[in-house]
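*Asks:* just need the structure, nothing else, for what follows:
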Amino acid sequence: MAPTYEDILTLFREVAEAQKETDLKFQETRRIINEQSQKTDLKFQETRRIINEQSQKTDLKFQETDRLIRELSRTFGGWSNRLGEFVEEMVRPAVVRLFRSRGLEVHQVMRDVTAIDDNGEEGIEVDLLITNAETAIGVECKSRLTLEDVQEHLARLEKFKRLFPQYAGYRLMGAVAAMVLPDEVARFAYRQGLFVLAQSGDAILIRNDDRFTPKEW
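*Replies:* Numbering: from 1, shown residues only. Coordinates of the predicted model:
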């Protein structure tokens with residue numbers, strides 16, 4: 001039996017109603033998605049604001065510490081070396097605890113260990129030398145560590161076993177320590193395989209994470 005005009009009209013009405021209901025559901029779904037997206041954006045913006053705020057505070061503290069050190073260096077001239085000695089005195093009692101926490105036993109901590117090159121080349125001086133029966137760690141201590149300081153310490157470690165033949169059979173590793181340690185310098189030292197020691201409040205901490213593998217010379 002062929003559909004009548006009324007049957008076709010009814011079918012179109014049902015299709016139109018179904019389409020209208022689908023459109024309403026789609027609009028509601030889009031409204032919910034937009035609402036959730038706005039909430040997420042607000043949370044993200046708030047998180048980013050907090051991170052930026054904390055970063056600015058950290059930068060200000062770093063700048064203030066750096067300013068004080070520079071001011072001390074300008075005021076007291078030759079006392080910049082004394083600041084390095086002060087860092088050594090801060091680091092020396094901490095290294096036993098710090099390196100033992102990394103599974104490295106410490107038997108001796110020696111200050112200002114110097115070697116003279118018999119070939120007429122410039123010798124080296126190691127601020128702190130940490131040793132046990134089979135391992136030696138040469139530590140460079142600075143009030144403010146720079147990329148140049150790290151590079152000089154790497155060159156120092158390259159010469160170490162030749163100038164200190166008594167440690168030729170040792171595992172030799174390196175570390176840097178500072179009161180003021182810019183992030184880019186810390187990252188560079190880390191990538192070169194050096195332990196990175198820095199002041200945090202009243203304490204000295206190792207900034208290397210558990211994934212760090214020290215370089216051996």
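*Asks:* roughly how far apart are Met90 and Gly169?
*Replies:* Taking C-beta to C-beta, to the nearest Å as the measure, Met90 falls 31 Å from Gly169. In this view, the C-beta of every residue, glycine as well, is placed from N, C-alpha and C.
*Asks:* compare those two (neighbour count), which wins?
*Replies:* Met90 (17 against 9; other C-beta atoms under 10 Å).
*Asks:* hang on, isn't that one packed against Gln199?
*Replies:* Yes - with contact defined as C-beta atoms under 8 Å, Met90 reaches Gln199; the gap is 7.2 Å.
*Asks:* overlap in contacts, these two.
*Replies:* Common contact partners of Met90 and Gln199 (C-beta atoms under 8 Å, 6 or more residues apart in numbering): Met179.
*Asks:* and Phe188, how many neighbours?
*Replies:* So Phe188, with other C-beta under 10 Å, has 18 neighbours.
*Asks:* Arg92 now?
*Replies:* 19.
*Asks:* now it, what's its secondary structure?
*Replies:* Following DSSP: H, G, I helix; E, B strand; the rest coil, we place Arg92 in the helix state.
*Asks:* now do the buried residues in the strand or helix carrying Asp149.
*Replies:* Per DSSP states H and E: Asp149 is located in helix 147-163. Neighbour-count burial for helix 147-163, counted by 16 or more other C-beta atoms under 10 Å, picks out 149-150, 153-154, 156-157, 159-161, 163.
*Asks:* redo those residues as JSON lines? Include distance to Leu129 and pLDDT.
*Replies:* Formatted as JSON lines, these follow (distance: C-beta to C-beta, whole Å; pLDDT from 0 to 100):
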{"residue": "Asp149", "distance to Leu129": "17", "pLDDT": "95"}
{"residue": "Val150", "distance to Leu129": "18", "pLDDT": "97"}
{"residue": "His153", "distance to Leu129": "13", "pLDDT": "97"}
{"residue": "Leu154", "distance to Leu129": "16", "pLDDT": "97"}
{"residue": "Arg156", "distance to Leu129": "11", "pLDDT": "95"}
{"residue": "Leu157", "distance to Leu129": "11", "pLDDT": "97"}
{"residue": "Lys159", "distance to Leu129": "14", "pLDDT": "93"}
{"residue": "Phe160", "distance to Leu129": "9", "pLDDT": "95"}
{"residue": "Lys161", "distance to Leu129": "13", "pLDDT": "94"}
{"residue": "Leu163", "distance to Leu129": "12", "pLDDT": "93"}
